[in-house]
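In: Give me coordinates for this.
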Amino acid sequence: MQTSPHKMKSCLKYFTLLFSLYFTEGAFRCDYKYSSKTKTWFKFVSLPANFTDARLRCALEGAVLASPTTPEILAEMRTIINRSYPEYEIFTGIHAIFSPGDFNAIEGTPLSKLPVTWAKNEPDNKGNNERCITLNGNGDLADRRCEETRPYICYHAESGQTEVSQCGIDPEYYLDKRTNKCYKFHTVPRNFSRAFMACAAEGAHLAIINSDLEATVLRDLFGRYGDHTMQGNFRKDYAFIGFHDWGELWDFRTIHGKL
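Out: The predicted structure follows:
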C-alpha cells in the first residue's frame, strides 16, 4: 500500500503540537482525541459496523474496540456517546463469541469485574444468539447479536512517546525518494476487501502503479520479501494492488475510479 507524505502533513503538525503539550503522555494518531483523565486516546466511529468489522478496524489502526473497563473510561465513553449520538447504542469490546454466556472485554477482563449496569430488561439473550454487548448514553449495557451494526469507539492506551517519521507512526512504512511516496508491504494475506480495509485503517490506500518508475519501486519492494516472511499457505508470487473491475467483468479501474 502507499500514501503520500504530503497527506501526512496535517497529522505531523498535530503530532508536533502534541509532543510540545503532552510530551509525557506521548502521541498517537491525529484522528484520535486524547483524554487526560484516562490517559487514553479515543476515536468515535459513527458509521455502524458489525462487531467483527468494528474489532478488526480498531485493531488495524493499532487500537482496541473500547470497553468500559474502569469508571473513568466508562464516563469518557458516555460523554462521547452523548456528544455524538445520544440516542444510539454503541458496540463495546465485551463479547461471548468463544463461549456463550462467558462475557469478557477484548483485553480479557470478565464482565463481572467491570463497573457497569444492565439496561432495563437486559440481558435477555433474545433468540439464544446475543453474544455482544452494547453501551448507551446512560452507561447501561444490553446484549445484542454480533451481526447487527452499531457505531463504536476505538481506544489506545498511553504507552509512552511515539516516534513519528515522514510516513507517520507506523515503522513499517518507508519513504521512497524516487516517487516521494510512502510504502508498506503486508506479509499477512487478506482478500481484496480486507486488504483495502487494512490500508484505509492505516491512512493509506492499496498501491496504484502510476508510471514505469512506480512499477519498478513496487517490484523492488516485493523483491525484499521472501516466501518465509509471509504467513500461511497461499500463492506468494503476487500481491493485490489498487485496481479492480468494480463488479463489471474486465472493466478494470483504479480504486479511485480512473482507467
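In: what about the protein, any weak spots by pLDDT?
Out: In the prediction, the chain carries residues with pLDDT under 70 at positions 1-27, 159-164.
In: domain ranges for it?
Out: Recorded structural domains for the chain (assignment: automatic domain parsing) are 28-157, 174-254.
In: As a markdown table, those domains with distance to S165 would be great.
Out: C-beta coordinates here come from the backbone N, C-alpha and C atoms, glycine included. Formatted as a markdown table, these follow (distance: least, C-beta to C-beta, whole Å):
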| stretch | distance to S165 |
| --- | --- |
| domain 28-157 | 14 |
| domain 174-254 | 8 |
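In: What helix or strand is R78 located in?
Out: Remark: R78 resides in helix 71-84, with elements defined by DSSP states H and E.
In: any residues touching that helix, and which ones?
Out: The contact list for helix 71-84 (C-beta atoms under 8 Å, 6 or more residues apart in numbering) reads 35, 37-38, 40, 42, 44, 46, 66-68, 88, 90, 92, 115-116, 135-139, 151, 153, 155.
In: got the buried residues for that helix?
Out: For helix 71-84, a neighbour-count test (16 or more other C-beta atoms under 10 Å) marks I73, L74, A75, E76, M77, R78, I80, I81 as buried.
In: Could you list every helix and strand in contact with whatever helix or strand comes next after that helix?
Out: Using DSSP H and E, the next helix or strand after helix 71-84 towards the C-terminus is strand 90-95. Secondary-structure packing of strand 90-95 (3 or more C-beta pairs under 8 Å, 6 or more residues apart in numbering; DSSP states H and E): helix 51-60, strand 64-65, helix 71-84, strand 132-135, strand 140-144, strand 150-157.
In: Pull the contacting residues for K43.
Out: R29, D31, Y32, K33, E61, A63, I153, C154, Y155.
In: thought R144 was touching I90?
Out: No. Assessed by C-beta atoms under 8 Å, R144 is found out of contact with I90, at 10.6 Å.
In: neighbour count winner among these two?
Out: Between R144 and I90, counted using other C-beta atoms under 10 Å, I90 has the larger neighbour count: 24 against 21.
In: where's the more buried one relative to G127, distance?
Out: 21 Å (C-beta to C-beta, to the nearest Å).
In: cool, N136 as well?
Out: N136 is 21 Å from G127, by C-beta to C-beta.
In: Neighbour count: the two, which is higher?
Out: A count of neighbours by other C-beta under 10 Å puts N136 above the other of N136 and G127, at 17 against 7.
In: which residue packs closest to the more buried one, ignoring adjacent ones?
Out: Leaving out its chain neighbours, the residue that sits closest to N136 by C-beta to C-beta, 6 or more residues apart in numbering is E89, at 5.0 Å.
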